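Chemist: predicted structure and sequence below. I'll ask about it afterward.
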Amino acid sequence: MHSSSKTLFLFFLFFSFFTFSQNFNAERNQLDKKLMVGLGSWATTNFLASGIGWGSIPSGEAHYFHQMNVMWNFVNIGLAVPGYLNARNAPTELSSVDTKLKQEKTEKIYLINAFLDVGYISSGFILGAIKTDNLTNSQRFNGYGKSLIVQGGFLLIFDLMAYGLHKSHATKNSKAFVQSLDVSPSGIGVVWHIPYSTKKVFSLN
């Protein structure tokens, strides 16, 4: 291949990397928006259901259960709204290196959160196991403990699901890009195909 053809090939290969990264980032941002909508929906449902329960049940374990649900979901909504806005305004024009770093950071955040969720669930069991002669404290500990188990359990499922979806998205797209590069028919060099097309564009022999 002549020098000019090689230069043109490398240009289109670079352009393909850039286009792949841009599309990949746009899809990741869209996935994050959907996840934040899911978290926000859970928080809103808890506000409504447990807000009614907290206000209508004067005292007892159920009262404290609903109370903790409402307080806990202030945090959830505080994460969901900025998270959604962040994903909506996140740039897509990142380099391949920055795209990889962003993907790794996203996966790591959800995994760390999953470990924290186990801690929340454990705290719930510990609270429920505390023995006290004070009836009010006993009901409060049991109510708060059950709320932590429910809320922590939801977040554990949510974070593991989010991690799995992002990991699957990265694996699927990286395979698709690699499959667009093929060995040339001569066995020497590389052939690049237009993504989602069977037509060969250039071969570097």
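Modeler: Noted; the coordinates are in hand.
Chemist: can you pull the phi and psi angles for Pro94?
Modeler: No Pro there; residue 94 is Leu. Main-chain torsions, Leu94, degrees, to the nearest 10: phi -110, psi 150.
Chemist: count of residues packed around it?
Modeler: 18 (other C-beta atoms under 10 Å). Where you see a C-beta, it was placed from the backbone N, CA and C, and this is true even at glycine.
Chemist: return the set of buried residues in the helix or strand containing His66.
Modeler: Element membership of His66, judged by DSSP states H and E, is helix 61-89. Judged by neighbour count (16 or more other C-beta atoms under 10 Å), helix 61-89 contains these buried residues: 61-70, 72-73, 76-77, 79-80, 83-84, 87.
Chemist: residues near Phe125, how many?
Modeler: So Phe125, with other C-beta under 10 Å, has 13 neighbours.
Chemist: angle of the helix or strand harbouring it against helix 61-89?
Modeler: According to DSSP H and E, Phe125 maps onto helix 96-129. With axes from the mean of the first three to the mean of the last three C-alpha atoms, to 10 degrees applied, the angle from helix 96-129 to helix 61-89 works out at 180 degrees.
Chemist: distance from helix 96-129 to the middle of the chain?
Modeler: Computed by C-alpha atoms, centre = their mean, to the nearest Å, the chain-centroid distance of helix 96-129 equals 10 Å.
Chemist: any idea which helix or strand comes after that helix?
Modeler: helix 135-179.
Chemist: what's the angle from that following helix to helix 61-89?
Modeler: Using the same axes, to 10 degrees: helix 135-179 against helix 61-89 is 30 degrees.
Chemist: other SSEs contacting helix 135-179?
Modeler: Judged by 3 or more C-beta pairs under 8 Å, 6 or more residues apart in numbering; DSSP states H and E, the packing partners of helix 135-179 are helix 3-56, helix 61-89, helix 96-129.
Chemist: Leu160: which of those is closest?
Modeler: helix 96-129 (5.4 Å; C-beta to C-beta).
Chemist: would you mark the buried spots in that closest one?
Modeler: 99, 102-103, 106-107, 110, 113-114, 117, 120-121, 124, 127-128.
Chemist: can I get the residues you listed in a markdown table with distance to Ser168?
Modeler: Output for those, formatted as a markdown table (distance: C-beta to C-beta, whole Å):
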| residue | distance to Ser168 |
| --- | --- |
| Thr99 | 16 |
| Lys102 | 17 |
| Gln103 | 12 |
| Thr106 | 13 |
| Glu107 | 11 |
| Tyr110 | 13 |
| Asn113 | 18 |
| Ala114 | 16 |
| Asp117 | 20 |
| Tyr120 | 26 |
| Ile121 | 25 |
| Gly124 | 30 |
| Leu127 | 36 |
| Gly128 | 36 |
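Chemist: residue contacts, the residue positioned nearest the centre of the chain?
Modeler: With distances taken as C-alpha atoms, centre = their mean, the residue of the chain nearest its centroid is Ala162 (3.9 Å). The neighbours of Ala162, taking C-beta atoms under 8 Å, 6 or more residues apart in numbering as the test, are Leu35, Tyr110.
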